[in-house]
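>>> Return atomic coordinates for the entry below.
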Amino acid sequence: MKTQCNITTGALLLLVALNTQANSLTVTEEFSATDNSKNHSSTLSYWTRERIAKAPAIMMIDNKKSSAPKKNSTTAFTNEVPMSTKGGSPAPDSNAIHRQAFAEDWKELETEFGALYIENTQQFDTNNKTASVNALTGTSDDYINYDVNTINALWKILPHKWIGKFTFTTPEGDSSCSATAISNNHIVTAAHCVYDTSSRNAFYTNKAFTPAYRNGNAPYGTFPITSCRVLDAWKNLSGDYSISTWTRHDVAICNVGTNSIGQTLNAAVGWAGRSWDLPSQQIHFNAGYPANDVNDNFLPSPAQYLRACIAESFQYATNTLGSGCFYGRGISGGPWLKNYAPAKNQSTVNSVNSGLFIGEYNLYGARFTSKNIKILCDAEDC
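Numbers count the residues shown, from 1 in each chain. You can find the predicted model right below:
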């Protein structure tokens, strides 16, 4: 018994030490229980369907000339072991609960393009898509892009309903990014969507997440953010945004409260798994709610639909991935999903969108490693 006690105590001390180290490398918002209660109510009241729809999209723009490689770039990370966590499905009765609670949203969504939704996952033939993706070379500017949840059959299935529109208020007014539900009722997004590094060194306010958002409708409601956490390395950045030096730190984790009917995020839509320390060259389903394309022109129905690019990533700089894509502002914080398959619970978030060079058909994101996503999730218990 004594030996068992010593092992348990040692393990506990190690856990505390690791958690202390993780906390020392991150920056988090601090709110009292009373503040969170007030914020919960005011945030839900503020983010009406109209405000969510109209929130302008943001993106980090690197104004320097790109040096994206034109050939495959692979790097062996000999000291790292690829790791991942599993995703999760929503509560079995989630659709029934939310269909009743948000009846107008569901009615409009299910009739907008006709009754196309079929529960049987066999309706999705991914063979052709897989063949197309496997033909990609992973070079700069190479991608397939398409609108996702304009199709009624796709808006309420995994993994699409994990992804949502992330809205917040800056000193200049409302704004929007994209984000993804992960475990323990958290979301993952880009740090530049939650924390103003370059001018104020402060968190944005009034933050909220609306999963499966589609053209002004919120079928699972909106979830107020209770707190967010970014890397200390992000807080300490200065000067102008640089894909080469900023992007690797551009990751944030936020804790999420309940929606207006008291449902948790994970019960409502489930959650995506996470992967880190993988090689740079991976096939990704890169998704979010862009308002603009890479040339900074508005898209049709800007930031109203989930849109995606499928491409093979490449290493751009240290722990920085590049991947071909057509989309721009608003897709910030959107996930790069590995092992994507419609209607299956198998995808893992392996990066989030950080920035772009205007006119270049690539997006850039942090390579998820034990130095960014793992540190944040260890500190947040996600």
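
>>> Point out where the protein drops to low pLDDT.
Across the chain, residues meeting the criterion (pLDDT under 70) sit at 1-22, 32-34, 69-78, 112-139, 198.

>>> Might you report the residue contacts of the most centrally placed residue in it?
Residue closest to the average C-alpha location in the chain (Cα atoms, centre = their mean): residue 179, at 3.2 Å. Residue 179 makes contact with 163, 164, 165, 166, 187, 188, 189, 193, 209, 254, 333, 334, according to Cβ atoms under 8 Å, 6 or more residues apart in numbering. Using the backbone N, CA and C atoms, a C-beta is placed for each residue, glycine as well.

>>> Is the second one in a helix, a strand, or coil?
Here residue 164 takes the strand state, with states given by DSSP: H, G, I helix; E, B strand; the rest coil.

>>> got the contact list for it?
178, 179, 180, 181, 187, 209, 210, 211, 212, 213, 289.

>>> What of the last one?
The neighbours of residue 334, taking Cβ under 8 Å, 6+ apart as the test, are 163, 177, 178, 179, 180, 286, 287, 288, 289, 352, 353.

>>> Same question for residue 60.
190, 192, 241, 246, 250, 332, 354, 355, 356.

>>> Just the ones of those in strands?
354, 355, 356 (DSSP state E).

>>> can you put those residues in TSV and add distance to residue 140 and neighbour count?
Below are these laid out as TSV (distance: Cβ to Cβ, whole Å; neighbours: other Cβ atoms under 10 Å):
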residue	distance to residue 140	neighbour count
354	16	28
355	15	22
356	12	27
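
>>> Residue 309: which of those is nearest?
Proximity of the ones in strands among the contacts of residue 60 to residue 309 (Cβ to Cβ) peaks at residue 356, which lies at 11.8 Å.

>>> circling back: now, the most widely separated pair of the contacts of residue 164?
Maximum distance among the contacts of residue 164 (Cβ to Cβ): 14.4 Å, for 181 and 289.

>>> ok, the contacts of residue 334 vs residue 310, which is closest?
Out of the contacts of residue 334, the member with the shortest distance to residue 310 (by Cβ to Cβ) is residue 286, at 7.4 Å.

>>> Return the residues in contact with the closest one.
308-311, 323, 325, 331, 334-337, 353, 363.

>>> Equivalent analysis for residue 175, please.
55, 56, 57, 58, 167, 168, 169, 204.

>>> Can you list which of those are found in strands?
Using DSSP E, these in strands are 167, 168, 169.

>>> So which of these wins on neighbours?
residue 167 (30 neighbours; other Cβ atoms under 10 Å).
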